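In: Here is the input, now give the coordinates:
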Amino acid sequence: MLVSLDPADATPIYAQIERGLRAAIASGRLKPGDQLPTVRELAVELRVNANTIARVYSELERAGVFETRRGVGTFVRAGRAEARPASEHARRLRAFATRVLSESDAQGFSADEVIAALRAQKSSK
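Out: The predicted structure follows:
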């Protein structure tokens, strides 16, 4: 399954789907140029409204993560990450790590558990 949903999670369904798709790209399960399931296919698989999937695909297309080719489908955009200066990259990474550690602490996970889960996720691709 490309994305999994947690009905007990307070995060809105569309946000869980977007986060799951971004995680699939980050972990390498989805690679640049890969075709995504159609809106209808993913909606049936996840048992959600097709409008929810269409919203996620549209937002990710606007963000430059996906591209839609008319009559063909939706694909992970190749070369989607624009070059950033090393200092900007490092700043954004630190901010991201801070958010992850803050959220993990709020959920009761240690930093070591999060790191182990990330390594396991990466190796399972």
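In: pLDDT below threshold where in the chain?
Out: Across the chain, the stretches falling below the confidence threshold (pLDDT under 70) are 79-84, 124-125.
In: Helices along that one, start to end?
Out: In the chain, the helices defined using DSSP state H lie at 13-27, 39-46, 50-62, 86-106, 111-123.
In: Let me see the contact set for the nearest residue to Y57 once chain neighbours are set aside.
Out: Across the structure, with Cβ to Cβ, 6 or more residues apart in numbering as the measure, the residue nearest Y57 apart from its sequence neighbours is T74 (5.6 Å). Heads up, the C-betas are built off the backbone N, CA and C, glycines and all. When contacts are counted by Cβ atoms under 8 Å, 6 or more residues apart in numbering, T74 touches 35-36, 38, 57, 61, 66-68.
In: among the residues you listed, which are in strands?
Out: With strands identified by DSSP state E, the entries of those that belong to them are 66-68.
In: Please, a PyMOL command that selects the buried ones among these?
Out: Buried residues within the ones in strands among the contacts of T74, as defined by 16 or more other Cβ atoms under 10 Å, are selected in PyMOL through the command that follows:
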select buried, resi 66
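In: Switch the ones in strands among the contacts of T74 over to CSV; also include distance to D6.
Out: Output for the ones in strands among the contacts of T74, formatted as CSV (distance: Cβ to Cβ, whole Å):
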residue, distance to D6
F66, 23
E67, 29
T68, 28
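In: Between the ones in strands among the contacts of T74, which sits nearest E45?
Out: Within the set of the ones in strands among the contacts of T74, F66 lies nearest E45; the separation is 17.3 Å, counting by Cβ to Cβ.
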